[in-house]
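1. no FASTA, just this:
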Ligand code: ADP
Ligand code: MG
């Protein structure tokens, strides 16, 4: 470790410096680096000075410690007592290199981050530290801030309730602490909503360190950040289907109960095979059926059911399986989260037309249409469009119903979600924390809202969205730290290009991890857990009990109350209180129950005498789906060389075991040992089979996240294009260049359309020109026939630009700039939001198309691309349309109108612009003025202009019924080539 040695040598040398001399190094380096223009070169410089710079930080830490520096953190008095250990220096180097440092809990990662943050802040481009909650952001900023301010750097901290002005100040600091969602939402607001530079708060994405990186980049990454606003369109039918689905679920449950009773009889008569077959049917129809869960405890029955399942999934029995499914109303697969209606179910929902829930076979239908010789090409297109439309409607209905079925059969209140203030709030399955503001996608959230009878949030629509992954990919350099990254190293590498480096602990680890104890039922398992807690508690050893759900925490708490054992339950509601409870969890005699310790960010120090008792005892009450989360829990004890012990309790009823356990193998074991009530299994290789199950789930979850990301990548590229354009417009000194760019691209494209047919469509062209620009062109004046497409384009470009110059010359120059920005931003924002909506729909749609043996991702990419091309063209056209319909100043507009030949206006002149909150800018007026292109007025009386009626209609959403009354969606009718 030559670098560590060099750091320590510098640290030795710096001891003789005065405070001011030490501090002066910061400014000197910052000055020097600011002269290097290129970021890569700046980074090279940072690499060079790393040993010295780290030494400065370490030296400063020692000074604070030596003089017993006292301060307050989150209103609590504190004294500085830390100087970086060598392993912490090592961690700092790894973070500076843009990697993940895996350092165990209690190794002092908070302090480690000060080294690379100091170093990277010297570029003056801002260094971000991302934490898991607001409390930790504030705590760490205030705590580590002692070092930064000593060294002359500024530090800020983003909190949920801050106003934009405050946020901007915090981002302007050298170093900024905050949570991933605050950073992410600020990004969305800055890039998707702000319309001026002044409204933006962030200043770039140079370097970030993500604390508890697994928690943030893996666990939290499954629900994207979404900013939503009032929706213009709503198509869901959850309300409509809810009563029927409720009945259907009830019927199914009754049916399954009946089948289960029948199975019991069969088992009693010794007909194990039929019994197993019947119970497998129950499993298909009601995976959480009570009888079923009970039978899974019994090795014979369990084996019979597993056997039935295995044999049905053989290829040769496909038809039989299908027939079995048809005996139910629907089937639901807990593992894959999928649901499917049977014939019976379909006729129950719609007795008159059970086919209302069958997706038509489009490919076949299209082929038939193509082969039909009696149809003209236009008729074929029309027919295909009709079939497509029909298919879309069916797909939407099926989707609604399938989401409702999932909501009823797989989602339980107080497990996956809670109801608060009449809202469905997601409970994070990993941390047990509520995640207000997050929503399940794909209509599932609305389905659960319908189920719970709370207000269905149909009123919202996505205005801006980004996945956490893609937010962090914005950073030029990203680093992370956590106690548990190793098991997910492949994912970090593939998705974030982050490599994991394991940092040794400061002192040898003395933790004793015991083998799992395995029970038949949950009840037996919990009894054993309580027994273990009681024993430890009797000798005052502190115990930390980890659960995987809020429900389990509450159950254990009730059991402990009965035993009169005082304890704390972490409810994940109040982060600060929670941190205090965690901090006290190592005191003698303390019992603490917590769902999932991942990302809690507070370490547990042992109280007096606890070391002699064996340190903190960690009891896991269930193996989590991810091994990482179990490691987090274990890692809470035996920090910094303390003693400690951990053990997990598992039952065959646990979700993990039911769904992914090596069911067959487990059943054999149970038989061999003939487990009695309350008996347990414990063996090294049993841990292995549990871990195999975990690995299987991890793999599956990784694939799901990867797939989500593959889809989001498409959006991400589009978002980048649109946000970059927006920012260029916002920043432009001369927004007119952007206006002209649009004119230069859109006009030729339109002209080309009119020249593309067999015969050039001169009338169409003249019509378009006159409804878009106030040129008052006549056939005679235009003389389109005398030029080819290219020449006509040039001719029109010149005329349009001339007219535009003339219009703006009547206005105030600075106001014009504002107006020009507004015209573009307004067009981008309005159409982009519509596009987001359409993309959502597309995403739902392609999944259904997946049934038609196509890869949804490829379908999605192709269509998304087409839609994006269309979007960009639409934005440009909208800009053209609004160029002459907007004014910064009513008086100026009237002056401009006065110059126009009045008789050219067929409808009434422009209506008074509506005043907006932003008085600087007026909204586009409803009608457009026309002016003879060169202003010579010779066109008097020659031409009448069609005013752009379409634009003055209320805006129609793509999925709304077409205003023409055809009954089709707008996008499939008049809105087809908007
Ligand atoms: P982690 O995030 O790695 O779990 P923390 O940053 O929360 O750990 O630090 C755990 C505890 O270790 C804190 O109470 C901190 O004061 C202490 N600590 C960290 N580094 C040092 C050090 N170099 N010397 C003394 N105490 C330290
Ligand atoms: Mg920490």
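-> The structure has been received and is ready for your questions. Quick caveat, the model's predicted, so the values are computed rather than measured. Ligands and ions are numbered 1, 2, ... in the order given.

2. distance of residue 778 from residue 491?
-> Residue 778 is 66 Å from residue 491, where distance means CB to CB, to the nearest Å. In this view, the C-beta of every residue, glycine as well, is placed from N, C-alpha and C.

3. typo on my end, it should be residue 372
-> In this view, residue 372 and residue 491 are 51 Å apart by CB to CB.

4. if you count what's nearby, which of the two comes out ahead?
-> Comparing residue 372 with residue 491 by other CB atoms under 10 Å, the one with more neighbours is residue 491, at 20 against 11.

5. Show me how far the host helix or strand of residue 790 is from its chain's centre.
-> Remark: residue 790 resides in helix 789-809, with elements defined by DSSP states H and E. How far helix 789-809 lies from its chain's middle: 45 Å, per CA atoms, centre = their mean, to the nearest Å.

6. Following the chain past that helix, name the next helix or strand.
-> Counting by DSSP H and E, the next helix or strand C-terminal to helix 789-809 is helix 813-849.

7. so whichever helix or strand comes after that following helix versus helix 789-809, what angle?
-> Counting by DSSP H and E, the element after helix 813-849 in chain order, helix or strand, is helix 856-883. Orientation note: helix 856-883 sits at an angle of 60 degrees relative to helix 789-809 (axes from the mean of the first three to the mean of the last three CA atoms, to 10 degrees).

8. quick one: helix 856-883 to helix 813-849, angle?
-> Relative orientation of helix 856-883 versus helix 813-849 (the same axes, to 10 degrees): 150 degrees.

9. Buried residues, helix 856-883. List them.
-> Neighbour-count burial for helix 856-883 flags 856, 859-861, 863-864, 867-868, 871-883 (criterion: 16 or more other CB atoms under 10 Å).

10. ok, residue 285 - contacts?
-> Counting by CB atoms under 8 Å, 6 or more residues apart in numbering, residue 285 makes contact with 252, 255, 256, 259, 328, 329, 330, 331, 332.

11. Then residue 206?
-> Shown in contact with residue 206 (CB under 8 Å, 6+ apart): 39, 120, 123, 125, 126, 127, 475, 476, 477.

12. buried subset of these?
-> For the contacts of residue 206, buried by 16+ other CB under 10 Å: 120, 123, 125, 126, 127, 475, 477.

13. Where strands are concerned, which of these count?
-> Judged by DSSP state E, the buried ones among the contacts of residue 206 include 127, 477 as members of strands.

14. Could you find the two of the buried ones among the contacts of residue 206 that are most distant from each other?
-> Greatest spatial distance among the buried ones among the contacts of residue 206 (CB to CB): 123 and 475, at 13.0 Å.

15. So what's the gap between the longest strand along the chain and the chain middle?
-> Across the chain, the longest stretch assigned as strand under DSSP E is strand 643-651. Chain-centre distance of strand 643-651: 33 Å, with CA atoms, centre = their mean.

16. Which positions in that strand come out as buried?
-> 643, 644, 645, 646, 647, 648, 649, 650, 651.

17. Show me which of those is closest to ligand 2.
-> Distance ranking of the buried residues of strand 643-651 against ligand 2, using CB to the ion, places residue 644 first at 17.6 Å.

18. got a list of what that closest one touches?
-> 510, 511, 512, 614, 615, 616, 617, 618, 637, 638.

19. quick one, phi/psi of the last one?
-> Torsion angles at residue 638 (phi, psi; degrees, to the nearest 10) stand at phi 60, psi 40.

20. Report pLDDT for it.
-> pLDDT, residue 638: 88.

21. number of nearby residues for whichever residue of the stretch 201-350 of the chain sits closest to ligand 1?
-> Nearest residue of the stretch 201-350 of the chain to ligand 1, counting by CB to the nearest ligand atom: residue 211, 7.2 Å away. Applying other CB under 10 Å, we find 25 residues neighbouring residue 211.

22. How much space separates the residue nearest to it when sequence neighbours are not counted from ligand 1?
-> Spatially, and ignoring its direct neighbours in sequence, residue 211 is nearest to residue 131 (5.0 Å; CB to CB, 6 or more residues apart in numbering). Noted for residue 131: a distance of 10 Å to ligand 1, by CB to the nearest ligand atom, to the nearest Å.
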